[in-house]
Each structure stands twice: as C-alpha cells, then as structure tokens.
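A.B. asks: kindly return the folded structure for what I paste below:
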Amino acid sequence: MSVKTEKKKTKKAEQKKKLSKKELKLEKNIEELTLQLSEVEDKHIRLKAEFDNFRKRKEQEFINLIRYEGADVIKNILAITDDLDRMKDAVEHPEHSESSDSIKKGMDLILQKIYKLFEERSVESFCEVGDILDSELHDALMVREEKDKKDNEILEVFEKGYKYKDRIIRHAKVVVNKI
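C.D. replies: Next comes the predicted model:
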C-alpha cells in the first residue's frame, strides 16, 4: 500500500472516531432529553389529576352548599315550634276556660302547617321517651335514677332533635336514666 492510501485510511478512522464521539454525545443528549420529557409528562399528569380532584371537591362543596341552604332558616323555625308545643301543653290543663279550646285549635293548625313545611323540606324530628341515648343524636342535660327503666333510657325530652335531609341540625335535649 501506498502512503497516500494509508493516510486516507487513517483520516477515515479518525473521522469515524470523531463521528462516533459525536454520535455518543448525541445519544447521551437524546437520553437526557427523553428522561426530562418523561419527568415533565409525569408532573403534568400529576398536576392534571390534582386539579381534577380539586375541581371535584369544589363541585361537591357547592352541591352541599345548595343542598343545605335552608338549614339556618329551619333552625330558627324550630324555636317557634318548641314554644308552640309548650303553649299547647300549658293550655291543655283543665283549669283553663273554654277560650283555651280555640287557642289549642289555633296552635294545632299552626303546628300542622309547620310540620307540613318540614315534611316538604325533608326535616324530620327524632327522640321519644323510651329511646336509648345515642351521643350522636342526643344531649343529656340531666340524669335521674328510675329502677324500672333501662340504663341510658330517655326519661324525658326537653327539646326534640331534628334532621335536615341526612344531617343533624339540632340534637335532642333529654333526661337520661342512670342505674
């Protein structure tokens, strides 16, 4: 072989080395960029999922806000019904005159209207004498001991409890038996 041929081969080998170094650098850059792209895509997916969860949470809060918008109004009406119930009980005593009959009828009509309103709005009362105390539903204001009754049995109801749809809006206030 001639010197020229060998120089050409040497040049080609050096160019191949340079190309392979460049190719290696390019492949390394491609791998780094692919890894960065994968990380950015992962962050994007996570951010999208977080935003979707946030949106769903806010929608549920808004739905609950609309669903229970009347709770405060109903709480105010409860005090009126309690007063009417107490007035009715006071009028039912025999020492009152005949006018008490008309008062009682009027109160019954008012209470019927209120209870109808409650029924239309999904408001339910709960708590009767004889029920067993449930701390989720009742507030025990007093404790008495009656031997012929069960432990934690409700002996007296001061104020009925009320649910609005599936939420407790007022706990029942009761007297409980403790043995």
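
A.B. asks: so who does C127 touch?
C.D. replies: Contact analysis of C127 by Cβ atoms under 8 Å, 6 or more residues apart in numbering lists 137-138, 154, 157, 160-161, 172, 174. No exception for glycine: its C-beta is placed from N, CA and C like everyone else's.

A.B. asks: what subset of those is buried?
C.D. replies: The neighbour count (16 or more other Cβ atoms under 10 Å) marks 138, 154, 157, 160-161, 172, 174 as buried among those.

A.B. asks: what does K150 show for phi and psi?
C.D. replies: phi -80, psi 160 (degrees, to the nearest 10).

A.B. asks: from here on, call the first residue 159.
C.D. replies: That works, and once the first residue is 159, the last one we named lands at K308.

A.B. asks: max-length helix in this structure?
C.D. replies: Using DSSP state H to define each element, the chain has its longest helix at helix 161-225.

A.B. asks: so for it, mean pLDDT?
C.D. replies: The average pLDDT within helix 161-225 is 84.

A.B. asks: among the buried ones among the contacts of C285, which ones are in strands?
C.D. replies: Per DSSP state E, strands hold the following members of the buried ones among the contacts of C285: 296, 312, 315, 319, 330, 332.

A.B. asks: between those residues, which is nearest G264?
C.D. replies: Nearest to G264 out of those is V315 (Cβ to Cβ; 23.9 Å).

A.B. asks: which residues are in contact with that closest one?
C.D. replies: Contacts for V315 (Cβ under 8 Å, 6+ apart) come out as 285-287, 330-333.

A.B. asks: S293 should be in a strand, yeah?
C.D. replies: No - per DSSP: H, G, I helix; E, B strand; the rest coil, S293 lies outside any strand segment and is coil.

A.B. asks: no further questions, thank you.
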